[in-house]
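>>> model this:
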Amino acid sequence: MDRPRILLTRALPEEGIERLHEECELDQWDHDHPMPRGELMERIASADALICLLSDRIDEELLRRGARLRAIGVYAVGYDNVDVNAATARGIPVFNTPGVLTDATADMAFALLLSLARRIVEGDRMVREGRFHSWGPKLLLGKDLRGSTLGVVGAGSIGGAVLRRGKAFGMDLVYHSRTRKDALESELGARYAGLDELLSVSDVVSLNVPLTSETHHLMGAREFGLMKDDALLVNTARGPVVDEVELYEALASGRIGGAALDVYEREPDVYAPLLKLDNVVLAPHLGSATVHTRTKMARMVCDAVLDHLSGGRPENCVNPSVLVSKGEGK
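Sure thing, here's the model as predicted:
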């Protein structure tokens, strides 16, 4: 039996893709930038499966070219880059990497929060530029976390992990989610609130929602106007959840105190005026960027794709109706 041909749109950690080398014909894009659209359109025609990144747009046009395609793996927990409805209509399962990046992303949210609250990036810049001349009682005064209110928008696995970290820092916890999370409420003493109330009472707002039509520009001028004037915003979710133009206006005018971003509306581009502000911390999408996590993500998505191609039924399928319709999992 011929080995399946897998198109991999970026080099992943080698320890995580050993099965690809052993069990398939691997067509890998080896450059450290996204595969150009034309190249992707050309290579997809001969692929039995695709393993892609969020930077790859997998839409109707591309799927039409992938006549042999039997599986799509997304090297992420989110999969907003894939037209799942179009894939489902073609009977193609889409696999992602849930669970494995929860702690790494929650850690990143708190790393950003601490950097912003304690003005670490400003201090680093001051030292490097030779502007640190003496310790001073008023030098770069920041914000205490203990006793402040952490508002988490989106209390899934990552949002829940952010709440747990907030509890460890002695913060009061408020969350907003599509459904009440009784377990989080009983475990952490977190309080459920509507979005408007959460924004108005929180000293820190952490965004942990998936990108959908409902969450696109979830944070805009109206929402920033509800926040405290010294409140901090942390976004480790998806860039388009925040209207960056309105975020800049809120930051520059003092409507909110600061923002820390790991994702961007038109990633990798950043709304240029944000780069000029001192009350913004900017990171290059590092949420899951630990050796252990990125390797585990690679192994998980490769296992899912290869197990499916060999007749198995991986659990991390975002459109499982495709598997059921093919007689699997009945």
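
>>> so what's Leu140 up against?
Residues near Leu140 by C-beta atoms under 8 Å, 6 or more residues apart in numbering: Arg119, Glu122, Gly123, Met126. Bear in mind the C-beta positions are built from the backbone N, C-alpha and C, glycine included.

>>> who wins on neighbours among these?
Ranked by the number of neighbours (other C-beta atoms under 10 Å), the contacts of Leu140 place Arg119 first, at 20 neighbours.

>>> give me the pLDDT value at the spatially closest residue to it that is not a sequence neighbour.
Nearest-residue entry for Arg119: Leu140, 4.4 Å, with adjacent residues in sequence omitted and distances by C-beta to C-beta, 6 or more residues apart in numbering. Per-residue confidence for Leu140 comes out at a pLDDT of 97.

>>> distance check, Leu140 against Val305.
48 Å (C-beta to C-beta, to the nearest Å).

>>> same thing with Leu275?
38 Å.

>>> same thing with Ala67?
18 Å.

>>> rewinding a little: give me the more crowded residue out of Leu275 and Val305.
Higher neighbour count among Leu275 and Val305: Val305, with 27 against 10, using other C-beta under 10 Å.

>>> my guess is the more buried one is in a strand, correct?
No. Secondary structure of Val305 (DSSP: H, G, I helix; E, B strand; the rest coil): helix, not part of a strand.

>>> quick one: contacts for it?
Contacts for Val305 (C-beta under 8 Å, 6+ apart) come out as Ile6, Ala49, Ile51, Ala71, Ile72, Gly73, Phe95.

>>> and His292, by the same measure?
By C-beta under 8 Å, 6+ apart, the neighbours of His292 are Ala104.

>>> can you tell me how far it is from Cys24?
25 Å.

>>> next one: Leu140
53 Å.

>>> do Gly287 as well
Counting by C-beta to C-beta, the gap from Gly287 to Cys24 is 29 Å.

>>> please identify the buried residues of stretch 303-319?
For stretch 303-319, burial by neighbour count (16 or more other C-beta atoms under 10 Å) applies to Asp303, Ala304, Val305, Leu306, Asp307, His308, Leu309, Pro314, Asn316, Cys317, Val318, Asn319.

>>> TSV for those, including pLDDT and distance to Leu112?
As requested, the buried residues of stretch 303-319 are exported to TSV (pLDDT from 0 to 100; distance: C-beta to C-beta, whole Å):
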residue	pLDDT	distance to Leu112
Asp303	97	31
Ala304	97	30
Val305	97	32
Leu306	97	35
Asp307	96	35
His308	97	36
Leu309	96	38
Pro314	94	32
Asn316	95	27
Cys317	97	31
Val318	96	27
Asn319	97	32
